[in-house]
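[1] coords please:
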Amino acid sequence: MTTARAPLHLAVLVLLSGLFFFWGLGSTGLTDRDEGRNAEAGREMLERGDWISPTFNYEPRYAKPVLVYWLMSASYHFFGVNERAARLPSAVFGLALIMMTYWFLTRLRDPVTGLIGALMLLLNLQIISLSRMALTDSVLIFLTTLALYAFWLGFQAADRHPAWLWLLYIAMALGTLTKGPVGFLVPLLTIALYLTATKQWRPFWREGKPLAGTVVFALLALPWYVTMWRLHGSDYAAAAQANTVGRFLNPMEGHGFSFLFYVPVLLIGFFPWSGWLPFAWYQAYRSWRNNGVAGQRDSGIRELEWFTALWILGTFVFFTLSSTRLPHYIGPLFPAAAILTALYWSRCVTVPNTTGAYAAIHTVMLLGFLLAGAFATLPWAYENYLSAKLVKEFPLATQFTLGIGPYAAATMLLIGMALVGYFGLSEQRRGGAFWAAGASLACVILIVTQLIMPGINRIFIAPPQELAYAAGLNLNPSEPFIAYGSTRPSLAFYARRHVLFIPANETERLRESLAHEGRTMILLPETMQRSLPTEAATFQPILKRYGYLLLSSQPMVKIPEGAPPPPSAVPPVLGH
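    Model prediction:
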């Protein structure tokens, strides 16, 4: 393995990861619902000192296993309780994923292919988004990828060493502690497909340590689950089943969507490299059909292409068959997509007349032009359609404008796709198409984060969070804080206390909650103030932010002297 270029490559990857994963990590408030729930569960774990049983809003949270909450709690301990610390584990594991992929491809191929594959994995909408959010997915993707890299290095690579196989089982166990059964199902499904396609089940049973590995997996993954079952009994078992088998068999929280849902998710989420991906996958399939079916083996790059193609296929089909579908579910296939596409791209650049090369360039350009059109029409669509749909939940939605950001993004995409065509449609200049595509995506991401997201945060995300923070500073633990007409989990994170979430149609429950001596505070959209019951008639508005009100049963609110400053994404609460 040539290593002369490695320091430069690593510097580029660290710099870009810092720019896209870490820079401004705490500049926006937590999104709802998953970010708010996860961040608050980690905060409560640190506050309570209970490292076994996660809670949200001081009630048991059985939806996800414990590993991510451990990571968030550790981050809070060292860096304080804020959005940046909540998201830091995702960014760190995103960086680790990029570095691991560079090392893996460099070891198996060469440093240039390693750099190309790592950049393809870094520069796409899905991985950047997941590495900047307080979700479980960045950690899960790293661990499922580590498991499959370890399988390849321990069982299939030319310089394989069986010690790598232990890491396969360790990574699956940690993945299971991150997001449940999917932590081992994604790797096992990929491995099963590969062993079946290459007729290697017998060698794997002999060399793959399946029995000893299962023991290692069980020793690492099962103790927490057994402890939770012993502590919480049938309540935990029922909730765990509902969030695993139940989520697969039945749509949950309205997230059913179409059977073809993941086709546009993959095309947009892996853009711009998604234009090359279908052709790369087909070439891998054709290679297997011409060689693998006949039993002709290739322990080198071609067989790695078969492996990554099956990794993509198995993960894509598995989550398509699931009744609950969300964009980030297919995240574990993105490392395979990056490797397969990088290997195909290497041939497009070095081998004349590579099958599909011209069609792939045209596909990239078509996707880019369509995405540019979507950005260009977004302000019109928002003003004439979307804003009216959002105004019930976001009071000032109709007064918000997207500004020049979407037009700037559309312009960069048009320029970028023109350059992709200029370079990519000429075999002599084709190498430049990769850099043009990557640069256009990078510019779009910067435009979104620097021009579009600040306005979205100011109007749609931060206002109720700012008021929740103020309420938390001024209420004793026994005094109620009511979020009326809003069920945003992030409010509990900013209030640093229990929040009584009451939907707008449950006025009787609100009346009962107001029968409390001492201070009571209500956070609600300004438009709902008139619908409050008579018991709240004496409540005075004390703070207002962009269409949201904080009411108090006692008119004066005093911010305690010496109170800690608001979280980084929360500006002063008075006014507006």
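[2] gap between the residue nearest the centre of the chain and Phe93?
    By C-alpha atoms, centre = their mean, the chain has its centre lying nearest to Leu130, at 2.7 Å. Between Leu130 and Phe93 the distance is 9 Å, computed by C-beta to C-beta, to the nearest Å. All C-beta atoms are positioned from the backbone trio N, CA, C, and that covers glycine.
[3] just to be sure, Leu543 is in a helix?
    No. Using DSSP: H, G, I helix; E, B strand; the rest coil, the assignment for Leu543 is strand, not a helix.
[4] helix, strand, or coil at the nearest residue to it once chain neighbours are set aside?
    Distances taken as C-beta to C-beta, 6 or more residues apart in numbering put Leu550 closest to Leu543, at 4.2 Å, once the chain neighbours are dropped. At Leu550 the chain is in strand, as set by three-state DSSP.
[5] which stretches of this structure have low pLDDT?
    Scanning the chain with the threshold set as pLDDT under 70 gives 1-3, 252-256, 292-300, 555-576.
[6] can you list the domain ranges for it.
    Annotated domains of the chain cover 6-355, 368-460, 463-552 [automatic domain parsing].
[7] packing partners of the helix ranked longest in the chain?
    Ranked by residue count, the top helix of the chain under DSSP state H comes out as helix 210-242. Where contact means 3 or more C-beta pairs under 8 Å, 6 or more residues apart in numbering; DSSP states H and E, helix 210-242 is packed against strand 59-60, helix 164-179.
[8] I'd like the ones you listed as a markdown table, with distance to Arg202 appended.
    Shown next, in a markdown table, are the helices and strands packed on helix 210-242 (distance: least, C-beta to C-beta, whole Å):
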| stretch | distance to Arg202 |
| --- | --- |
| strand 59-60 | 46 |
| helix 164-179 | 16 |
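[9] quick revisit: the longest helix of the chain: which residues count as buried?
    Using 16 or more other C-beta atoms under 10 Å as the test for burial, helix 210-242 gives 213, 216-217, 220-221, 224-225, 228, 232, 236, 239-240.
[10] got it, and stretch 146-165?
    Buried residues in stretch 146-165 (16+ other C-beta under 10 Å): 146-157, 160, 164-165.
[11] do stretch 15-31 as well
    Across stretch 15-31, burial judged by 16+ other C-beta under 10 Å covers 16-17, 19-22, 24-31.
[12] in helices, which of these fall?
    16-17.
[13] quick check, nearest of the buried residues of stretch 15-31 to Ala388?
    Ranked by distance to Ala388 (C-beta to C-beta), the buried residues of stretch 15-31 are led by Thr31 at 21.8 Å.
[14] quick one, what contacts that closest one?
    Thr31 makes contacts with 133, 461, 490, as judged by C-beta atoms under 8 Å, 6 or more residues apart in numbering.
[15] now swap in Gly472 and tell me
    Residues near Gly472 by C-beta under 8 Å, 6+ apart: 481, 494-497.
[16] what's the helix or strand for it?
    helix 462-474 (DSSP states H and E).
[17] burial of Phe481, as a residue count?
    The number of residues packed near Phe481 is 22, by other C-beta atoms under 10 Å.
[18] repeat for Leu121
    Neighbours around Leu121, by other C-beta under 10 Å: 30.
[19] separation between it and Tyr69?
    Taking C-beta to C-beta, one finds Leu121 at 26 Å from Tyr69.
[20] then Gln529?
    Counting by C-beta to C-beta - Gln529 and Tyr69 are separated by 37 Å.
[21] neighbour-wise, which of the two wins?
    For Gln529 and Tyr69, the more surrounded residue by other C-beta under 10 Å is Tyr69, and the numbers stand at 25 against 15.
[22] ok so that one is a strand residue?
    No. Going by three-state DSSP, the assignment for Tyr69 is helix, not a strand.
[23] so it is in contact with Pro54, correct?
    Yes. In this structure Tyr69 lies within contact range of Pro54 using C-beta atoms under 8 Å: 5.1 Å.
[24] return every residue with contacts to both of those two.
    With C-beta under 8 Å, 6+ apart as the test, Tyr69 and Pro54 both reach 41, 45.
[25] not counting its neighbours along the chain, what's nearest Leu121?
    Ranked by C-beta to C-beta, 6+ apart and with sequence neighbours excluded, the top spatial neighbour of Leu121 is Ala338, at 3.8 Å.
[26] and the nearest residue to Tyr484 once chain neighbours are set aside, what does it touch?
    Leaving aside its chain neighbours, Tyr484 sits nearest to Leu524 (4.3 Å; criterion: C-beta to C-beta, 6+ apart). Residues near Leu524 by C-beta under 8 Å, 6+ apart: 483-486, 532, 548-549, 551.
[27] can you report phi and psi for Leu524?
    phi -160, psi 160 (degrees, to the nearest 10).
[28] about what we covered before: which element follows the longest helix of the chain toward the C-terminus?
    Next along from helix 210-242, by DSSP H and E: helix 245-249.
[29] hmm, Glu479 and Arg519 touching each other?
    Yes. With contact defined as C-beta under 8 Å, Arg519 counts as touching Glu479 (4.9 Å).
[30] coming back round to it: do you know which of the domains of the chain lies nearest Ile361?
    Between Ile361 and the domains of the chain, the shortest separation by C-beta to C-beta is 3.7 Å, and it involves domain 368-460.
[31] what's the end-to-end length of the closest one?
    Start to finish, the residues bounding domain 368-460 are 28 Å apart (C-alpha to C-alpha, to the nearest Å).
[32] ok, stretch 421-439 next?
    The first and last residues of stretch 421-439 sit 14 Å apart, counting by C-alpha to C-alpha.
[33] among the contacts of Gly472, which ones are in strands?
    If you go by DSSP state E, those have Phe481 in strands.
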